[in-house]
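*Asks:* predicted model follows, preceded by the sequence.
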Amino acid sequence: MKKALCFFSLLLGTASSLLAEPLPSWNDTATRTAIIDFVAKVTTEGSPDFVPPAERIATFDNDGCLWSEQPMYFQAFYIFDRIKALAPEHPEWKDEEPFASVLKGDIAGSLAGGEKALLAMAMATHAGLTSEEFDEVVGEWLKTARHPKTGMAYNKMIFQPMVELLEYLRANGFKTFIVSGGGIDFLRVFAEEAYGVPPEQVVGSSIKAKYEVRDGKPVIVKVPELDFIDDKEGKPVGIHQHIGRRPIFAAGNSDGDFQMLEWTTAGEGARFGLLVHHTDAEREFAYDRESHVGKLDKGLDEAKDRGWTLVDMKADWKVIYPEQP
């Protein structure tokens, strides 16, 4: 009798799970409907758009797509904090840009040199560490660092609706990947806990690394040389090199993701391109064409003609972050 009750309870739980509405943090809008309809047609056997599980590849940008990115990329906050922590070992930084501006608290001056300056700072703060040391330093930073506006831990400023989308796709046989302009090793520290995406399914920008034996222990050490920039045209290349299959679903939020969506939706069969449009100044940030971070201009103009879905954060999402009521 007890076994029968347990079995019946299990059946009820399974039925309840199956009947649960997908994407609960999404409002019942055309955007949510489009996602659900796409997943249904590519996963229903017998459908003319059916896609075998092995080919159900979904790629997601990180900054501005899976977590916030204003007033600057969160990895830049990490780099700035590391420069300040390492400054006693580098007295020359007081007179050397962009480090001098960081130490003065001048964010605009620190970033005035653009990508070249940010890359120089990344190399100075990342190189020389073993992979284990880097993971530990980033992990400790994520535990203590707080966002200047929200006061939240950076890895808590993830978008609940997008986490649900990742889970929904995986529940329907998709394999989900992060394809970001951010550092691949930085992302791998928290991606599995935050998004359920394991390290081997993270594609990102990188500096070179080498194999060494330190104190009798084999280690991988970061080297201050650029390896790969996973942004714009680099994203389809990174997908090809790391994943080996063209995605059927791609999500981003900026013109840096344009080529990833373009390449994804140019393939044969059913395809889905999604752009997160930051329209909610009250609960998050509102920006697009003029933003110095996460600029969305060309994508905003061409999304409709290309059949891409624009997510209106203010209209489409019930909540932004997991902590919000």
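*Replies:* Perfect, I can see it now. Numbering: from 1, shown residues only.
*Asks:* got a list of what the residue most central in space within the chain touches?
*Replies:* Within the chain, the residue whose C-alpha comes closest to the C-alpha centroid is Asn62; the distance, by C-alpha atoms, centre = their mean, is 1.5 Å. Asn62 is in contact with Ile178, Ser180, Gly182, Leu187, Ala191, Gly204, counting by C-beta atoms under 8 Å, 6 or more residues apart in numbering. The way it works is simple: take the backbone N, C-alpha and C, and place the C-beta from them, glycine included.
*Asks:* skipping adjacent residues, who's closest to it in space?
*Replies:* Once its chain neighbours are removed from consideration, Asn62 has its nearest residue in Ser180; the separation is 3.9 Å (C-beta to C-beta, 6 or more residues apart in numbering).
*Asks:* quickly note the distance from that neighbour to Lys156.
*Replies:* When C-beta to C-beta, to the nearest Å is the yardstick, Ser180 and Lys156 sit 18 Å from each other.
*Asks:* each with direction, which strands does the one helix or strand the residue nearest to Asn62 maps to pair with?
*Replies:* Assignment of secondary structure by DSSP states H and E places Ser180 within strand 175-183. In its sheet, strand 175-183 lies beside strand 57-60 (parallel), strand 202-214 (parallel), with partners assigned from DSSP bridges.
*Asks:* how about the shortest one: buried residues?
*Replies:* By neighbour count with 16 or more other C-beta atoms under 10 Å, strand 57-60 contains the buried residues Ile57, Ala58, Thr59, Phe60.
*Asks:* which SSE is immediately downstream of it?
*Replies:* Going down the chain from strand 57-60, the next helix or strand is helix 74-86, by DSSP H and E.
*Asks:* from the chain's centroid, how far away is that following helix?
*Replies:* When distances are taken as C-alpha atoms, centre = their mean, to the nearest Å, helix 74-86 is centred 19 Å away from the chain's centroid.
*Asks:* who's more crowded, Ser180 and Lys156?
*Replies:* Neighbour count, other C-beta atoms under 10 Å: between Ser180 and Lys156, Ser180 has more, with 31 against 15.
*Asks:* ok, the residue nearest to Val223 when sequence neighbours are not counted - contacts?
*Replies:* Setting aside the residues directly before and after it, Val223 is nearest to Lys208 in space (C-beta to C-beta, 6+ apart), at 4.4 Å. The contact partners of Lys208, taken as C-beta under 8 Å, 6+ apart, are Lys222, Val223, Glu225, Leu226, Asp227.
*Asks:* from these, pick the one nearest His242.
*Replies:* Top of the list for closeness to His242, among the contacts of Lys208 and by C-beta to C-beta, is Asp227 at 12.4 Å.
*Asks:* just checking, what packs against the helix or strand in which the closest one is found?
*Replies:* Take DSSP H and E as the rule and Asp227 turns out to sit in strand 217-228. Contact analysis of strand 217-228 by 3 or more C-beta pairs under 8 Å, 6 or more residues apart in numbering; DSSP states H and E lists helix 114-126, helix 131-144, strand 202-214 as its packing neighbours.
*Asks:* contacts for it next, please.
*Replies:* When contacts are defined by C-beta under 8 Å, 6+ apart, strand 217-228 is touched by residues 119, 123-124, 126-132, 134, 185, 205-214, 234, 238.
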